[in-house]
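Enquirer: please find the sequence and the predicted model below.
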Amino acid sequence: MNEDSLLALDLDRTQQSVTRSIGVYVVADGMGGHAGGEVASGQIVDTFAGRAFGELLPSLLIRPDTDLSTWLKST
């Protein structure tokens with residue numbers, strides 16, 4: 001059984017004819033053979049998805065120049 005999980009979010013924000021593409025991609029290795037590997041990889045993907053929609057997107061709407069590397073490190 002494959003215990004890996006994947007998240008792919010592709011976003012394009014256009015303002016005043018300028019488009020900024022943003023991608024959030026997460027691959028979580030479920031550590032096959034270990035107990036709960038599929039649960040752990042699913043939780044990682046769920047955490048990134050929740051924080052992307054709850055924190056990153058609202059932040060980008062307010063401040064299009066949001067530092068994505070800081071968000072990624074904190075997540």
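Expert: Perfect, thanks for sending it. Bear in mind the structure is a predicted one, so any value in this text is a computation, not a measurement.
Enquirer: for this structure, just list every one of the strands.
Expert: Taking DSSP state E, the strands of the chain run over residues 5-15, 18-28.
Enquirer: can you put those in TSV and add distance to Ile44?
Expert: Placement of C-beta: from N, CA and C, glycine included. Output for the strands of the chain, formatted as TSV (distance: least, CB to CB, whole Å):
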stretch	distance to Ile44
strand 5-15	7
strand 18-28	4
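Enquirer: can you redo these as JSON lines with distance to Glu55, mean neighbour count and mean pLDDT?
Expert: Formatted as JSON lines, the strands of the chain follow (distance: least, CB to CB, whole Å; neighbours: other CB atoms under 10 Å; pLDDT from 0 to 100):
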{"stretch": "strand 5-15", "distance to Glu55": "13", "mean neighbour count": "12", "mean pLDDT": "88"}
{"stretch": "strand 18-28", "distance to Glu55": "11", "mean neighbour count": "13", "mean pLDDT": "88"}
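Enquirer: which residue packs closest to Leu24, ignoring adjacent ones?
Expert: I think there's a mix-up here, since residue 24 is Val and not Leu. Nearest residue to Val24 in three dimensions, chain neighbours excluded: Leu9, at 4.3 Å (CB to CB, 6 or more residues apart in numbering).
Enquirer: how about Glu38?
Expert: According to CB to CB, 6+ apart, the nearest residue to Glu38 is Glu3 (4.0 Å).
Enquirer: contacting residues around the one you found?
Expert: With contacts defined as CB atoms under 8 Å, 6 or more residues apart in numbering, Glu3 is in contact with Asp29, Gly30, Met31, Gly32, Gly37, Glu38, Ser41.
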